Structure formats: structure tokens, C-alpha cells
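> I would like the atomic coordinates for the input below:
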Amino acid sequence: MTTWIITPATAPHRFTTGRISGADVALVDLEDSVAPHLKARARRHARDFFHPTPHVTLGVRINSLTSREAIHDLTALSRYPVKPDLVLIPKTESARDIDIVAAALDTTDYTPTLYALIETPRAVQELPTIITPRLGGLLFGAADYAQACGCALTWEPLLYARSRLTACAAQAGIPAIDSPHFALADHQGLREEARKARALGFTGKSAVHPRQIPVITAEFRPTPEEITAARAAVAAAQNDTAGIVCADGHMVGAPLLARAHTVLTQAGMRPATTKDTP
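Residues are numbered from 1 along each chain as shown. Model (predicted):
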């Protein structure tokens, strides 16, 4: 689930665009993009977002669990005829937030994937306690985090939060999704930020517009150079039983070999053999 996009629940004319945008995950939003006086209308509209669509996971961002609106959101979701595959929980700061949503929605026939939106300093510090077996993944909310910290919405001031998020997600074996790049016309900036996010360990990135999706997809796909190096490493390991081998002038041990297999899997390729190694 590399690319994510979100559509306001108050814009039903954009629902189809969101679902077929090419994103791996399409969310309908009940939170930040919906004015307080439109929350009830948004919940009514949102039920129409969940039309089964091939090759996309459909989800919803509910309101913060510290608000009364979240209670109404969870009640409405439990009654939707077609329910979301994924629920994004904003302002998550404790495992209790995950427990509340699970208790409200889980049934014997329905167990949505739950993602925590990490967007406060407290949440970043409490990550080890937030991550429980019921949690499916993490998403970084850069804008709210920067506002709370009083720091710039640029890469360097947010590097600590991003690094802690990816490290905790990796330790738990769950995905970590990076925040959107908010400058719509800055494709070069998006490209650079996506490249850095992937290098840091994020497994995907959110988009604020469909035209950002191809850029994100391309940057999270292994490069030809990475694929060539990965196939060479796997092939060298198959021909050697020493445990540490040399491929293209680089020493390759167990961690790098595991990474090579991951790269080939991400590229949709089978591991190299002695016959098809470049």
C-alpha cells in the first residue's frame, strides 16, 4: 500500500476520482477537511464512498477520539451497508485510542485494518506503547506535528519524528506511511521528499492530489541499479556457502542478502540464479 489519497466527505462529486486515482489506498475524510457545521452531512455522504473498487483499499479518517464527533462517526460506520476496509485514527496518543475504535467496530464478520495517525509530540514519544497487535500501521501527520512543535514544515526539523516512527514501525513489523508533500506544483520537491522517505524506511507516502501519485509510485519502486545489485547478491549467495560473499566488489552478509530479497520482491521479480544473473 504505497500510495494514499484522501477525499473530503463533503465532496461526493470527487468520490469516483479518489477511488480510481491509482492510489493503493483511498480514504474519505470526516476530520480536518470538513467544517464543524457539516460533520453530520459528511457522515451521510461518506457511506456512498464505499463501492467495491478493484486494486484499491477503501478507508475513512474519523474525527479525533477526544471529540464528540468521533462517537457519531463510529456509530455511523457501524451502520454503513458497505463498511471501510481501513480506519485512520487521527491524533492517536495511546493504545487506548486503538482499543476504543476496535471495540466500537469489530464484530465476528468485520475487523477493519486500523492505522494510527501520528501527529503530536506526545504521540511520537509514546509510539512503543501505542503499537499493539491490533494496529495495522502508522501514518505521519507532518503539518500538525510541525504546528505543535513550532518548527518548520521541512525535512530537517521533522527528521527525528520521521526516524522514530519508521524505527518503531519496523520493530513491530508494520508499515509506516509518510505525510503528504503539500506543494501541489512542486513535483521535484515531492520526488526528493519521497526518495528520502523511502531511504528512511517508509513503505509509502500520502498524496494530496491524483497527479502526485505517479511520482510517489515511481520513487518507491526499486531502481534498475538496485535490482541489478540485488540479483547479483542473491546469485552470489546461491553459489557460495561461506555466509559472507562478494558481489560487484561489495561484501554481502545476511542483512544485505535479506535486503536484496526484499528489493526483488518489491520489483515483482524472482531471485536471480546462476543462469540469469547479469
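> who does the most centrally placed residue in the chain form a beta bridge with?
In the chain, the centroid-proximal residue (C-alpha atoms, centre = their mean) is residue 177; its distance is 2.8 Å. Taking DSSP bridges as the rule, residue 177 bridges to residue 139, residue 204.
> you'd agree it is up against residue 4?
Yes: taking C-beta atoms under 8 Å as the definition, residue 177 is a contact partner of residue 4 at 5.9 Å. Any C-beta I mention is one placed from the backbone N, CA and C, and that applies to glycine too.
> which neighbours do those two share?
Residues touching both residue 177 and residue 4 (C-beta atoms under 8 Å, 6 or more residues apart in numbering): 139, 204, 205, 206.
> now do the contacts for the second one.
The contact partners of residue 204, taken as C-beta under 8 Å, 6+ apart, are 1, 2, 3, 4, 24, 175, 177, 178, 216, 220.
> let's go with 7 Å and repeat that
Each residue near residue 204 by C-beta atoms under 7 Å, 6 or more residues apart in numbering is listed here: 1, 2, 3, 4, 175, 177, 220.
> list the buried ones in stretch 26-41?
By neighbour count on 16 or more other C-beta atoms under 10 Å, the buried set for stretch 26-41 is 26, 27, 28, 29, 30, 31, 33, 34, 39.
> just the strands in the stretch 101-250 of the chain please.
If DSSP state E, counting those that start in this stretch is used as the criterion, the strands of the stretch 101-250 of the chain fall at 113-118, 135-140, 176-178, 204-207, 245-247, 250-252.
> format these as TSV; extra columns: mean pLDDT and distance to residue 194.
Shown next, in TSV, are those (pLDDT from 0 to 100; distance: least, C-beta to C-beta, whole Å):
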stretch	mean pLDDT	distance to residue 194
strand 113-118	98	19
strand 135-140	98	13
strand 176-178	98	8
strand 204-207	98	5
strand 245-247	60	28
strand 250-252	59	26
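> make TSV out of these and add distance to residue 157.
Formatted as TSV, the strands of the stretch 101-250 of the chain follow (distance: least, C-beta to C-beta, whole Å):
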stretch	distance to residue 157
strand 113-118	16
strand 135-140	13
strand 176-178	15
strand 204-207	18
strand 245-247	38
strand 250-252	34
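> does the residue nearest to the centre of the chain touch residue 205 like I think?
Yes: if you go by C-beta atoms under 7 Å, residue 177 and residue 205 touch, sitting 6.5 Å apart.
> excluding chain neighbours, what is closest to residue 33?
Among residues not flanking residue 33 along the chain, residue 8 sits closest, at 3.9 Å (C-beta to C-beta, 6 or more residues apart in numbering).
> beta partners for that neighbour?
Beta bridges link residue 8 to residue 29, judged by DSSP bridges.
> so how far is residue 198 from it?
28 Å (C-beta to C-beta, to the nearest Å).
> ok, back up a step: buried subset of the contacts of residue 204?
1, 2, 3, 4, 175, 177, 220.
> just these: which are in helices?
Judged by DSSP state H, those include residue 220 as members of helices.
> which one of the buried ones among the contacts of residue 204 sits closest to residue 210?
When those are compared for distance to residue 210 (C-beta to C-beta), residue 3 wins out at 9.8 Å.
> give the contact list for residue 92.
Shown in contact with residue 92 (C-beta under 7 Å, 6+ apart): 116, 117, 118, 123, 130.
> most surrounded residue in those?
Per-residue neighbour counts (other C-beta atoms under 10 Å) across those peak at residue 118, which has 31 neighbours.
> for the buried ones among the contacts of residue 204, give me TSV that also has distance to residue 55.
Putting the buried ones among the contacts of residue 204 into TSV (distance: C-beta to C-beta, whole Å) gives the following:
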residue	distance to residue 55
1	11
2	12
3	11
4	14
175	17
177	18
220	16
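> lowest-confidence one in the buried ones among the contacts of residue 204?
Among the buried ones among the contacts of residue 204, residue 1 has the lowest pLDDT, at 88.
> pretty sure it contacts residue 24?
Yes: taking contacts as C-beta under 7 Å, residue 1 lies within contact range of residue 24: 4.4 Å.
> could I get the full set of helices for the chain?
If DSSP H is used as the criterion, the helices of the chain fall at 15-19, 39-46, 68-79, 95-105, 121-125, 127-130, 142-149, 159-172, 187-200, 213-220, 224-238, 254-266.
> okay, those in TSV with distance to residue 89 next?
Below are the helices of the chain laid out as TSV (distance: least, C-beta to C-beta, whole Å):
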stretch	distance to residue 89
helix 15-19	20
helix 39-46	16
helix 68-79	9
helix 95-105	6
helix 121-125	11
helix 127-130	10
helix 142-149	13
helix 159-172	15
helix 187-200	21
helix 213-220	23
helix 224-238	34
helix 254-266	27
